[in-house]
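Trainee: take this sequence and fold it.
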Amino acid sequence: MREKITSSQNKRVKQWRALTTKKGRQATQSYLLEGWHLVHEALLAHQPVTAIMGTAEQLAAHAADLPATAPTFELTESIAKTIGDANTPQGIFATMPIAADDVLDPQTVQGGWLFLDQVQDPGNIGTMVRTADAAGLRGVVLGLGSASRYLPKVLRAMQGSQFHVEVVEADLHQWIQAFTARHLPVYGTNLDPQAQDYRNVDPVTTGAIVMGNEGNGMAPDLQQLTTRNLYIPIKGQAESLNVAVAAGIVMFRLFG
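Mentor: Reported below is the predicted structural model:
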């Protein structure tokens, strides 16, 4: 069943627009996927899509891949341009419920994990989630102070990998302590006198890597909780590596 919406003042349209804001997402406990790539990835991963919205052209182009179970709304071109925040709107969207973060227990989870401490750049977060997906990790935990996984720019940067690995927002203190209590390694990535060359660490099947803030690195209190801190030797004259590049190097070494 398809409903056609032609008024920009329609209540649903206002709610969809609001999903680009934290307040709007909290009010409805849902978020917005923008663009066919993300919508398609969600459908392929059998995610709980609650509505699909698009222009007549976009809905027709992807009709074969759209589920019959999700309510579908046809939008005018002008309304479609007001939903989302991409610089080049594609004219197709979907909504999904915000997932609960407490469904995963750090005292029982297995596999490789990436912990992000106050990482705020959406592009860096998206790159690291995609790299975690490529390296076969189980999930990524966005610590307090990190950008939300539901920010439109973060969603686009993850490019659908958020449907292949677990992505949760939680307190890293609790997750690190839960891992170390199970004698699972948690490696920080700050340079200190006791830090070890990442190449000298044996690969593991279950454990975690902590990547810190782009400018300040890991918080000092988190550094005290890790099993060991690792560093990547820099052979040239560059002062440092981008956090996403460094994370990729270490992830593939420890878990790839």
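Trainee: let me see the domain layout of this structure.
Mentor: What automatic domain parsing lists as the domains of the chain is 2-97, 102-254.
Trainee: which residue lies nearest the spatial centre of this protein?
Mentor: R149 (4.6 Å; Cα atoms, centre = their mean).
Trainee: with adjacent residues omitted, what lies nearest to it?
Mentor: V167 (5.0 Å; Cβ to Cβ, 6 or more residues apart in numbering). (C-beta placed from N, C-alpha, C; glycine too.)
Trainee: how many neighbours does that neighbour have?
Mentor: 24 (other Cβ atoms under 10 Å).
Trainee: quick one: what helix or strand has it in it?
Mentor: strand 166-169 (DSSP states H and E).
Trainee: quick one, strands of the stretch 101-250 of the chain?
Mentor: For the stretch 101-250 of the chain, the strands defined by DSSP state E, counting those that start in this stretch cover 112-116, 139-142, 166-169, 186-188, 196-197, 207-211, 228-231.
Trainee: possible to save those strands as JSON lines with mean pLDDT and distance to T28?
Mentor: What follows is the strands of the stretch 101-250 of the chain, written out as JSON lines (pLDDT from 0 to 100; distance: least, Cβ to Cβ, whole Å):
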{"stretch": "strand 112-116", "mean pLDDT": "98", "distance to T28": "26"}
{"stretch": "strand 139-142", "mean pLDDT": "98", "distance to T28": "21"}
{"stretch": "strand 166-169", "mean pLDDT": "96", "distance to T28": "18"}
{"stretch": "strand 186-188", "mean pLDDT": "96", "distance to T28": "36"}
{"stretch": "strand 196-197", "mean pLDDT": "92", "distance to T28": "47"}
{"stretch": "strand 207-211", "mean pLDDT": "97", "distance to T28": "31"}
{"stretch": "strand 228-231", "mean pLDDT": "92", "distance to T28": "41"}
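Trainee: for the ones you listed, give me JSON lines that also has distance to M53.
Mentor: Shown next, in JSON lines, are the strands of the stretch 101-250 of the chain (distance: least, Cβ to Cβ, whole Å):
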{"stretch": "strand 112-116", "distance to M53": "31"}
{"stretch": "strand 139-142", "distance to M53": "27"}
{"stretch": "strand 166-169", "distance to M53": "24"}
{"stretch": "strand 186-188", "distance to M53": "42"}
{"stretch": "strand 196-197", "distance to M53": "51"}
{"stretch": "strand 207-211", "distance to M53": "35"}
{"stretch": "strand 228-231", "distance to M53": "45"}
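Trainee: out of these, nearest to E34?
Mentor: Proximity to E34, assessed across the strands of the stretch 101-250 of the chain by Cβ to Cβ, is greatest for strand 166-169 (17.3 Å).
Trainee: partner strands of that closest one and their direction?
Mentor: strand 139-142 (parallel) (DSSP bridges).
Trainee: to the chain's geometric centre, what's the distance from the strand it pairs with?
Mentor: In terms of Cα atoms, centre = their mean, to the nearest Å, the centre of strand 139-142 is found 8 Å from the chain centre.
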